[in-house]
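Student: Please work out how this folds:
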Amino acid sequence: MARYMDVHRGMHGITAEQLMEAHQADLAIEGEEGVHFERAWADPESGTVYCLSEAPSPEAVQRIHERTGHKADEVHPVPLSV
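Tutor: Predicted structure coming up:
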């Protein structure tokens, strides 16, 4: 499976609790699309949230996010990491 980094914008003021709730919602149904969300990060000031996942496709990542109510603005492949 490939890795993806997705970006959500407009989440100004997001709290650690809200980030955890959104991440847990994704984890609850991720298997239905063969996705595994590894981690999430947020910058409450800019309203940007990032999620790292392994998935069969960027569309699978987006479908999970859409179903949990927080569609990604961008989904990028991450072909290299160290």
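Student: any chance you could map the helices in the protein?
Tutor: For the chain, the helices defined by DSSP state H occupy 16-29, 58-67.
Student: got these as CSV, with mean pLDDT, mean neighbour count and distance to Val78 columns?
Tutor: To be clear about C-beta, it is placed using only N, CA and C from the backbone, and glycine gets the same treatment. Shown next, in CSV, are the helices of the chain (pLDDT from 0 to 100; neighbours: other CB atoms under 10 Å; distance: least, CB to CB, whole Å):
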stretch, mean pLDDT, mean neighbour count, distance to Val78
helix 16-29, 98, 14, 17
helix 58-67, 98, 18, 11
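Student: Looks like Arg9 contacts Lys71 (just checking).
Tutor: No: the pair Arg9 and Lys71 does not pass the contact test of CB atoms under 8 Å, sitting 10.6 Å apart.
Student: Now do Arg9, the pLDDT please.
Tutor: Arg9 carries a pLDDT score of 98 in this model.
Student: quick one, phi psi at it?
Tutor: phi -120, psi 160 (degrees, to the nearest 10).
Student: what's the closest non-adjacent residue to it?
Tutor: Asp73 (4.9 Å; CB to CB, 6 or more residues apart in numbering).
Student: mind listing what the one you found touches?
Tutor: 7-10 (CB atoms under 8 Å, 6 or more residues apart in numbering).
Student: what residue is smack in the middle of this structure?
Tutor: The centroid of the chain falls nearest to Cys51 when counting by CA atoms, centre = their mean (3.6 Å).
Student: returning to what we had before: and the pLDDT at the residue nearest to Arg9?
Tutor: Note for Asp73: predicted pLDDT of 98.
Student: Also Phe37?
Tutor: Phe37 carries a pLDDT value of 98.
Student: Quick check, it in contact with Ala22.
Tutor: No: Phe37 is beyond contact range of Ala22, at 9.8 Å (criterion: CB under 8 Å).
Student: Return the members of the contacts of Asp73 classed as buried.
Tutor: His8 (16 or more other CB atoms under 10 Å).
Student: give the contact list for Asp43.
Tutor: Residues near Asp43 by CB under 8 Å, 6+ apart: Val49.
Student: Mind listing the residues bridging to it?
Tutor: With DSSP bridges as the criterion, Asp43 is bridged to Thr48.
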